[in-house]
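A.B. asks: I need the structure of the sequence given here:
(chains A, B, C and D)
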There are 4 protein chains.
Amino acid sequence: MWLRTSCELSFEIAVPTPFILMLRPRSGAQQWVAKEEYKITPHVPVFEYTDSYSNLCQRMVAPPGIFSVHTSAEVKTVDLMDQVPGAPFVEVQYLPDFVLSYLLPSRYCESDRFGDMACEITAGLTPGYDQVQAIEDWLRTNISYIPGSSNYPMSAVEVNLKQSGVCRDLAHLGIALCRSLSIPARMVVGYLYDLKPMDLHAWFEAYVGGRWYTFDAVHTGVKGGYVSVGYGRDATDVAISNQFGPSVFPLSQVVNVEMIDSPE
Amino acid sequence: MWLRTSCELSFEIAVPTPFILMLRPRSGAQQWVAKEEYKITPHVPVFEYTDSYSNLCQRMVAPPGIFSVHTSAEVKTVDLMDQVPGAPFVEVQYLPDFVLSYLLPSRYCESDRFGDMACEITAGLTPGYDQVQAIEDWLRTNISYIPGSSNYPMSAVEVNLKQSGVCRDLAHLGIALCRSLSIPARMVVGYLYDLKPMDLHAWFEAYVGGRWYTFDAVHTGVKGGYVSVGYGRDATDVAISNQFGPSVFPLSQVVNVEMIDSPE
Amino acid sequence: MWLRTSCELSFEIAVPTPFILMLRPRSGAQQWVAKEEYKITPHVPVFEYTDSYSNLCQRMVAPPGIFSVHTSAEVKTVDLMDQVPGAPFVEVQYLPDFVLSYLLPSRYCESDRFGDMACEITAGLTPGYDQVQAIEDWLRTNISYIPGSSNYPMSAVEVNLKQSGVCRDLAHLGIALCRSLSIPARMVVGYLYDLKPMDLHAWFEAYVGGRWYTFDAVHTGVKGGYVSVGYGRDATDVAISNQFGPSVFPLSQVVNVEMIDSPE
Amino acid sequence: MWLRTSCELSFEIAVPTPFILMLRPRSGAQQWVAKEEYKITPHVPVFEYTDSYSNLCQRMVAPPGIFSVHTSAEVKTVDLMDQVPGAPFVEVQYLPDFVLSYLLPSRYCESDRFGDMACEITAGLTPGYDQVQAIEDWLRTNISYIPGSSNYPMSAVEVNLKQSGVCRDLAHLGIALCRSLSIPARMVVGYLYDLKPMDLHAWFEAYVGGRWYTFDAVHTGVKGGYVSVGYGRDATDVAISNQFGPSVFPLSQVVNVEMIDSPE
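C.D. replies: Below is the predicted model:
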């Protein structure tokens, strides 16, 4: 499946404000970025670096006035994410070094608090993929997905109390439940084709059977059409825009995803 | 100052249990490890790796029975940590890439909740070192340091409610306050000479004036005699021992720090 | 200055052949990639990773038949590279860790053989930028730049014997001379506006005065219009295309660089 | 097997001289460092960092006069290195990213020159371990191992011309031959029990069958008793001591390896 994704942000800036943006999708195992545009208006010097999760991040100082960012990409992504029921739990001693940090609790995923609950949800299941599948199903059934219901990220504990949240919040609870079972889990932010209402999306991946698999408590149809932009422990690591100083809020954020013909 | 540090841990293990230990101090700008011992009884295969904070971590599977770990080191450390009142705040756009992650909230340092409080504590001060000094002073005055008062890490929000904690908890609040001012801050775990009662210690570092400086709301005397073992965002990253599976608690943990003659 | 760069490669493949391409320019301190296209025909799965020099590399297996790669980009680059005569030599103990590997000899830069020659060329000069400038001048005067004169990279020793070479070869000698003076130096491959005849280009950077500066023994006019694609120790690290197995040569390689209006 | 290794270096220094030492063995899959000592006389500030090959490196400035370094360690190492005839060649597209750089030519391993020779030596063999074994055997038979015969590293091309060399030189030729077959190969420097005459030792590892295996054209007996200190592309990356400035040679270098009882 070929998708054209775009994200336009615009801010009203009062004083020069340092920004860190994370808006460049990278090519990888599951997607190929064939075309990409990234415009900043007014154009200011930008320094790009790779963070410890391998995300490409852009640093700049936004000048006073209207500051807008326009990114778009043409990406080949898989029609259907791999789903492998029965993929086994990887015992901690056999996990590769680089996934170990995804076992630890993080700002919005207090996995140290969910041991009992995760055991209940996954009782009787084969450790591994099936447990994560049960967690995804449980979230879909028990936590209401209400787009636009929270402006700030809610932590897993808060989501569990409120029993509702946006995609990011559901992912937080899913991640915390996985980690409490010693299954590495991470958050992904990006685009999803046919998401309604259209917006940026967040989901999670769990490491079972020797690789990462995609889970999404929001999605109910065919599991395909994902374009990943950033990876991290939770929402803190994958903010598409971090600004420092006096509060700055987007004037607007317009996201679009459409299917296109192969550019080949 | 030359110190001999030691830490002996012993566990009773029911089923084979994966461990990740972080008990090798590294030599660096402020300390030199001249001698080191690391014994594991019974001896099992150990794989060592470097985590994303540059800590040396040791992975192994503890077999059923008594499992004990003995580490000791002879370390040259500075008599007096650098203190540079007036060292300036570094604007976010000038921070090196590798400290940016220390600006974000983390599991036990919900810096997104402390903006107003940090501004109050540091009102009128020159941005930078002096702000962090004021935060350290405020913690020393307002939060009771009660060794042994908490078995589990408390987050900054919890410490602030309870107004007391162990060294680790005070550090969490200090770190959260710094980050809410856009000052990078990180937790350090290690040893402190003459700590009473003797135990492992935790403190924090803030990045101002172009480098990391040491702060410690617990310490009231001369700021020296520190041996760092691990660095991270908060207590989750610097656990000296992480075990996975059925709960395993130390039977004993014995820490010792003594001054020695220079081995030269 | 805004440039549109493009590189089209085409190969005739007899048996499935693993490729590693390095054809994605990254945004950084001196350039901003506003638009980028990357087409592979036929389209095959591609895995992208970041090598130890921070280059983005693309791995794939080319199937038998004609295999072609088309990349293009719109890049804002500086009109005039910084030139700072007098920028001082950085003593080795003050160099940042990450530039140290650029002091060592490498496949095509046998810096261990050029100590005396480098001292002669730079006799009497202030250590640092001025030494590198003298090396660049010496190369321009003494080594003939003959585009197309070598199919394989020549090492610094070989270039010095032959007294001629392509841009890559001159850079090798420049790098070896710098390193023999304990000045970190690295090779850059990319595009240069108005290069005649148009082709991919290679030049070098030296680390003096606390940062990297651009040097190019080929260029004789205004030092601007550079678009960097890859960095490394020498030609081995910055091959835009590495293929493994039976020899595969490009059927064609077409490079273009043109000035464009700002896309803003 | 438990070994006590030690290395004492002493230098006569005329002017303050920056050093980079690589003398701390790390614990890993095949060895456990239970005890370690590292003394520098006179003691000067030391900064330790991890290079891109994961080696621990120590930076310092040696003052004028006698400068000596004494390191020793007690290490558990395997009695017999794994040997797995038949372990298969890993096709380049399946190699993990982090071994790819070990396919490239380097300063002393001009693998681009040895394709035909490597094919001859390994004619008819199953690709993988057996090829490397044949290369090791060929080196043992055809290149004379003459301890002390070269003060400077010889490159693979030079060793092949001279048909003799020290351990380091033989390793260079072995590595170059492996890489020319698209088998990743790297140099290791460290200690070997019962080496005669006793000295630091160098050997190589090849990546086949999904992991690194040890090869050593010098060793003729049981393949065990190795303690690794540093890894890299070739001798440039694993110098145990790099000094910068006017030539400084060791006054003495004393190496010792003895078997000890288990310290458990």
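A.B. asks: for chain A, which residues are neighbours of chain B?
C.D. replies: Within reach of chain B by CB under 8 Å from any CB of the partner chain, chain A has these residues: A:18, A:20, A:49, A:51-52, A:57, A:59-61, A:91-93, A:97, A:100-101, A:103-107, A:109-110, A:112, A:152, A:182, A:236-237, A:242, A:244-245. Heads up, the C-betas are built off the backbone N, CA and C, glycines and all.
A.B. asks: show the buried residues in the residues you listed.
C.D. replies: A:18, A:20, A:49, A:51, A:57, A:59-61, A:92-93, A:100-101, A:103-107, A:109-110, A:182, A:236-237, A:242, A:244-245 (16 or more other CB atoms under 10 Å in any protein chain shown).
A.B. asks: circling back to that earlier point, which of the residues of chain A next to chain B fall within strands?
C.D. replies: Using DSSP state E, the members of these that fall in strands are A:18, A:20, A:49, A:57, A:59-61, A:242.
A.B. asks: tell me where the stretch 101-250 of chain A has strands.
C.D. replies: Assigned by DSSP state E, counting those that start in this stretch, the strands in the stretch 101-250 of chain A fall at A:144-145, A:164-165, A:185-192, A:201-208, A:211-215, A:226-232, A:241-243, A:250-260.
A.B. asks: got a markdown table for those, with distance to A:Gly174 too?
C.D. replies: Listed next are the strands of the stretch 101-250 of chain A as a markdown table, based on distance: least, CB to CB, whole Å:
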| stretch | distance to A:Gly174 |
| --- | --- |
| strand A:144-145 | 12 |
| strand A:164-165 | 11 |
| strand A:185-192 | 7 |
| strand A:201-208 | 5 |
| strand A:211-215 | 6 |
| strand A:226-232 | 15 |
| strand A:241-243 | 23 |
| strand A:250-260 | 22 |
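A.B. asks: in TSV, list those strands along with mean pLDDT and distance to C:Leu125.
C.D. replies: Formatted as TSV, the strands of the stretch 101-250 of chain A follow (pLDDT from 0 to 100; distance: least, CB to CB, whole Å):
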stretch	mean pLDDT	distance to C:Leu125
strand A:144-145	96	68
strand A:164-165	96	65
strand A:185-192	97	52
strand A:201-208	97	56
strand A:211-215	96	54
strand A:226-232	96	47
strand A:241-243	93	45
strand A:250-260	94	53
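A.B. asks: from the ones in strands among the residues of chain A next to chain B, pick the one nearest chain D.
C.D. replies: Among those, A:Tyr49 lies closest to chain D (CB to the nearest CB), at 16.8 Å.
A.B. asks: which ones are touching the residue of the stretch 101-250 of chain A found nearest chain D?
C.D. replies: Using CB to the nearest CB, the single residue of the stretch 101-250 of chain A nearest to chain D is A:Gly210, 12.6 Å away. By CB atoms under 8 Å, 6 or more residues apart in numbering or on different chains, A:Gly210 lies in contact with A:87, A:90.
A.B. asks: can I see the domain layout of chain A?
C.D. replies: A:2-78+A:240-260, A:92-187+A:200-220 (automatic domain parsing).
A.B. asks: is the closest residue in space to A:Val44 that isn't next to it in sequence in a bridge, and if so with what?
C.D. replies: Leaving aside its chain neighbours, A:Val44 sits nearest to A:Met60 (5.2 Å; criterion: CB to CB, 6 or more residues apart in numbering or on different chains). On the basis of DSSP bridges, A:Met60 is bridged to A:Phe19.
A.B. asks: so who does A:Met60 touch?
C.D. replies: Contacts of A:Met60 were listed using CB under 8 Å, 6+ apart, and they are A:18-19, A:21, A:40, A:44-47, B:93.
A.B. asks: could I get the strands of the stretch 101-250 of chain A as JSON lines with distance to chain C?
C.D. replies: Shown next, in JSON lines, are the strands of the stretch 101-250 of chain A (distance: least, CB to the nearest CB, whole Å):
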{"stretch": "strand A:144-145", "distance to chain C": "32"}
{"stretch": "strand A:164-165", "distance to chain C": "33"}
{"stretch": "strand A:185-192", "distance to chain C": "16"}
{"stretch": "strand A:201-208", "distance to chain C": "17"}
{"stretch": "strand A:211-215", "distance to chain C": "13"}
{"stretch": "strand A:226-232", "distance to chain C": "12"}
{"stretch": "strand A:241-243", "distance to chain C": "16"}
{"stretch": "strand A:250-260", "distance to chain C": "14"}
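A.B. asks: what's the closest of those to D:Asp137?
C.D. replies: strand A:211-215 (38.3 Å; CB to CB).
A.B. asks: got the angle between the closest one and strand A:201-208?
C.D. replies: 140 degrees (axes from the mean of the first three to the mean of the last three CA atoms, to 10 degrees).
A.B. asks: can you pull the buried residues of strand A:211-215?
C.D. replies: The neighbour-count check on strand A:211-215 (16+ other CB under 10 Å) flags A:212-215 as buried.
A.B. asks: now stretch A:188-196
C.D. replies: For stretch A:188-196, a neighbour-count test (16+ other CB under 10 Å) marks A:188-193, A:195 as buried.
A.B. asks: so A:Leu21 makes contact with A:Gln58?
C.D. replies: Yes: the criterion here is CB atoms under 8 Å, and A:Leu21 meets it with A:Gln58 at 4.5 Å.
A.B. asks: nearest residue to the residue of the stretch 51-200 of chain A found nearest chain B in space, please, no chain neighbours.
C.D. replies: Proximity of the stretch 51-200 of chain A to chain B (CB to the nearest CB) peaks at A:Val92, 3.9 Å away. Spatial nearest neighbour of A:Val92, excluding adjacent residues (CB to CB, 6+ apart): B:Pro18 at 3.9 Å.
A.B. asks: appreciated, that's everything.
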